[in-house]
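**Q** Generate a structure from the sequence data that follows.
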Amino acid sequence: MASKIKKIIFLAILGYIIYFLLGHHLIFFGRNVEILQKQTLNLKNTFYSVGDRKEIEYKGLENMLANEDLREAGLGELLIEKDLISQKELEDAESKIDYGN
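**A** Model prediction:
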């Protein structure tokens, strides 16, 4: 009986972990992790590494924000909050993505 209860508890915990991963983006900044809510339950971009300012310049801010899932979840605002980009850089990148300017 005790083993059956342990199995049910284990499966419930495993189910919650899977549900959590389906509903959240885990954004890595070096060793730090930030969590953003996903718009829909899926496994796309569950784990995403931003890195530091040099990595953002290397990857290209436009390339990072071109990912609609991350953009809608608030990646740009998170980058501003972490002082990795400015509001002007975010606006310029979004304008370039939206309008090709």
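**Q** Low-confidence bits of this structure, can you list those?
**A** Scanning the chain for pLDDT under 70 picks out the ranges 101.
**Q** residues touching the residue positioned nearest the centre of the chain, list them.
**A** Nearest residue to the geometric centre of the chain (C-alpha atoms, centre = their mean): residue 25, 3.6 Å. Going by C-beta atoms under 8 Å, 6 or more residues apart in numbering, residue 25 touches 35-38, 45-48, 69-70, 73, 75. In short, each C-beta sits where N, CA and C put it, glycine included.
**Q** what two of the residues you listed are the furthest from one another?
**A** 37 and 47 (15.2 Å; C-beta to C-beta).
**Q** Which parts of the lengthiest helix in the chain count as buried, going by neighbours?
**A** The single longest helix within the chain, with elements called by DSSP state H, is helix 2-23. By neighbour count with 16 or more other C-beta atoms under 10 Å, helix 2-23 contains the buried residues residue 21.
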